[in-house]
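Participant: Below is the structure, and that's it, no one-letter string:
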């Protein structure tokens, strides 16, 4: 079970893990032990997620998703299988948490008030007066 939020719990049967060889640090051990994890989650066919969450998840994780709606998450930051496995699961949970938040409402455009427009124009006039006062006397260009 992967507990994402209070309402979203992914069943362990929906997650497929495959251990693969990882490059990078690890010395001789890196060529012998498959420590990297490839975690697959079929988001499009998951009964744990609402359709709106699935669509947002596939947008958020578009770089990890296949055409079939399967999210493929690879983790090889750590030297042990256990830590990479936990890392992959936590990253998947973070993606789902992000997708579970409803998008903010669209911005409603507002118009400036008449008083704020007047203040802006008055400030511009004052500034223009300051700058025109800096001109050399008798120089009418």
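Facilitator: Good, I have the coordinates. Everything numeric here is computed off the predicted structure, so don't read it as measured data.

Participant: Pull the contacting residues for the residue nearest the centre of the chain.
Facilitator: Closest to where the C-alpha atoms of the chain average out (Cα atoms, centre = their mean) is residue 60, at 6.1 Å. Residue 60 is in contact with 95, 98, 99, counting by Cβ atoms under 8 Å, 6 or more residues apart in numbering. Every C-beta, even on glycine, is put in place using the N, C-alpha and C of the backbone.

Participant: Residue 99 too?
Facilitator: For residue 99, the contacting residues are 53, 54, 56, 57, 59, 60, 61, by Cβ under 8 Å, 6+ apart.

Participant: quick one: contacts for the second one?
Facilitator: Residues near residue 54 by Cβ under 8 Å, 6+ apart: 43, 44, 46, 69, 99.

Participant: gap between the third one and residue 5?
Facilitator: Right, the one you point to is residue 46. Separation of residue 46 from residue 5 (Cβ to Cβ, to the nearest Å) stands at 14 Å.

Participant: got it, and the fourth one?
Facilitator: Distance, residue 69 to residue 5, using Cβ to Cβ: 20 Å.

Participant: Please identify which of the two sits among more neighbours.
Facilitator: When neighbours are counted by other Cβ atoms under 10 Å, residue 69 and residue 5 differ, and residue 69 comes out ahead with 16 against 11.

Participant: what sits up against the host helix or strand of residue 123?
Facilitator: Assigned by DSSP states H and E, residue 123 falls within helix 114-132. The contact list for helix 114-132 (Cβ under 8 Å, 6+ apart) reads residue 112.

Participant: what mean pLDDT does it have?
Facilitator: For helix 114-132, the mean pLDDT works out to 96.

Participant: ok, the least confident helix or strand in the chain by mean pLDDT: who's next to it in the sheet?
Facilitator: Sorting the helices and strands of the chain by mean pLDDT, DSSP states H and E puts strand 2-3 at the bottom, at a mean of 74. The strands beside strand 2-3 in its sheet (DSSP bridges) come out as strand 9-10 (antiparallel).
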